[in-house]
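Trainee: Could you look at this predicted model? Sequence included:
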Amino acid sequence: MTLDTTDLDQYMGVPMMPGELKEAVAVNDIRRWAQAMHYPNPLHYDEVWAEASRWGRIVAPQSFTVACDTSHGCAPAQVGRIPGSHLIFGGDEWWFFGPLVAPGDRLVCHRMPYDYKVTETKFAGPTCFQRGDTLYINQKGERIAQQRSTSIRYQVRDAKEKKLFEQPGEPEWSEAELMELEQVKAGFIDQIQTLGHDRRLWSSVEPGQELPTNVLGPHSLASFATEWRAYPMTAWGATRKGPSTQTAEELGYTKEMAGFEGDRRMERLNPELTDGAYYGPSRGHLQPQWARHVGMARGYGYGASMGAWVLDYTAAWAGEWGFITHSSAQYRNPAFTGDATYIRGVVTDQREERRGRRRRFIATVSVELANQEGAVLAKGQVDVELPAE
């Protein structure tokens, strides 16, 4: 069995059509995002708390940047035709440059395919790991962030035959176990409330320091649907410039999964056919029948959301005076319905950087996501700038 990637070469390093949403960022877009990502930081939804903050109003978490795109960073990482293929997210690397996204902002997303390689995997045999860059620029011409996404493109027939993710039904949680999850969540929330608007100083942290554990879930089709709807791009008619000029069929998706996502002509006629929750490549997340069709055990979460979990978890610890400068995360296993995702972190490095006359004080946090069985879902390294005093 082989994977035909001959069509990809012509796209590497060639800028794509930029992406742009029609509407400016609204306060409720930010609130909806925090809710969907299970991020209980009142800075991003409670106006009274936010008014007392250093910002004086509700601002978006850094993870919200990905919601300002029309393809959550996927478009430049899936150009070119691979016949009989499907796609899942494999990781994200972020560089943040300074400004936060705030209500009223309008972002344009410039994209360019970066590179790809084919590797043998247990999941699907020959598998294409393809990367693409998205540069987020606001209405002032300021660079917000650059995202380098990795897509995993594979032949559906191979994944179905290997059955790597074949599992029994969803786990059952006792009331006692659910209460334990809530206690873990409460501990994570307590650090946010306790730190409040104060500064977490660089001098107060050291390598080996563990961050409070957080847990998300148990995940469900409802929680994954809430995630999907928090991306403004999923609203009918929301995009000014679409995710791609290529259709899913032209990219090589199987006939059953191709659909009309991103097709602006079809959106005017029958928008449900362009909605990834119902039809097309994205419906495997929310429809177990189609999850199994692409080699998954049951409904599963979104890779872009998993990247947001890593960023939000670290930002909650850093506090409102901290700023994530760089993050690199690799996604190893999906978050399935019925499972819970534990997020743990530890400080692994502490250093001072000089850029011209400016000094930056950086703490590096190693983050791991794992389910209740200990299976690792993602690993990441996050650099956070903290105030010196």
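Mentor: It's in.
Trainee: What is the longest helix of this protein by residue count?
Mentor: Counting by DSSP state H, the longest helix found in the chain is helix 175-195.
Trainee: so after it, what's the next helix or strand?
Mentor: strand 214-216 (DSSP states H and E).
Trainee: Counting by contacts, list what that following strand packs against.
Mentor: Contact analysis of strand 214-216 by 3 or more Cβ pairs under 8 Å, 6 or more residues apart in numbering; DSSP states H and E lists helix 175-195, helix 303-318, strand 341-355 as its packing neighbours. Glycine gets a C-beta too; all of them are placed from N, C-alpha and C.
Trainee: Pull the residues that contact the first one.
Mentor: Spelled out, it's helix 175-195. Identification of contacts with helix 175-195 by Cβ atoms under 8 Å, 6 or more residues apart in numbering yields 40-42, 173, 212-215, 217-218, 316-317, 319, 340, 342.
Trainee: can you give me the helices in the protein?
Mentor: According to DSSP H, the helices that the chain contains are 27-36, 47-51, 156-162, 175-195, 221-229, 248-251, 255-258, 264-269, 288-293, 303-318.
Trainee: for the record, mean pLDDT for the first one?
Mentor: Looking back up the chat, that one is helix 27-36. The average pLDDT within helix 27-36 is 98.
Trainee: and that helix, how far out from the chain's middle?
Mentor: For helix 27-36, the separation from the chain centroid amounts to 15 Å (computed by Cα atoms, centre = their mean, to the nearest Å).
Trainee: Return the distance of the residue positioned nearest the centre of the chain relative to T234.
Mentor: The residue lying closest to the centre of the chain (Cα atoms, centre = their mean) is A304, at 2.0 Å. Distance from A304 to T234, counting by Cβ to Cβ, to the nearest Å: 12 Å.
Trainee: which ones are touching the residue lying closest to Q155 once chain neighbours are set aside?
Mentor: Among residues not flanking Q155 along the chain, G84 sits closest, at 5.1 Å (Cβ to Cβ, 6 or more residues apart in numbering). The contact partners of G84, taken as Cβ under 8 Å, 6+ apart, are Q155, V156, R157, G252, T254.
Trainee: nearest residue to A335 other than its sequence neighbours?
Mentor: G301 (3.9 Å).
Trainee: What is the burial count for that neighbour?
Mentor: Using other Cβ atoms under 10 Å, G301 is surrounded by 25 other residues.
Trainee: Look up how far A318 lies from V66.
Mentor: In this view, V66 and A318 are 19 Å apart by Cβ to Cβ.
Trainee: Among the two, which residue is more densely surrounded?
Mentor: Remark: of V66 and A318, V66 carries more neighbours, 26 against 22, as counted by other Cβ under 10 Å.
Trainee: Spell out which residues sit in contact with the more buried one, please.
Mentor: Taking Cβ under 8 Å, 6+ apart, we find V66 in contact with H72, G73, D92, Q147, A304, G307, A308.
Trainee: What of L211?
Mentor: Here L211 is in contact with Y313, T314, W317, R344, G345, V346, V347, V365 (Cβ under 8 Å, 6+ apart).
Trainee: Check P334 too.
Mentor: By Cβ under 8 Å, 6+ apart, the residues touching P334 are I88, F165, M296, Y300, G301, L377.
Trainee: number of nearby residues for the first one?
Mentor: Looking back up the chat, that one is I88. I88 has 21 nearby residues by other Cβ under 10 Å.
Trainee: That one: what's its closest spatial neighbour, skipping adjacent residues?
Mentor: Spatial nearest neighbour of I88, chain neighbours left out: I152 (5.0 Å); criterion: Cβ to Cβ, 6+ apart.
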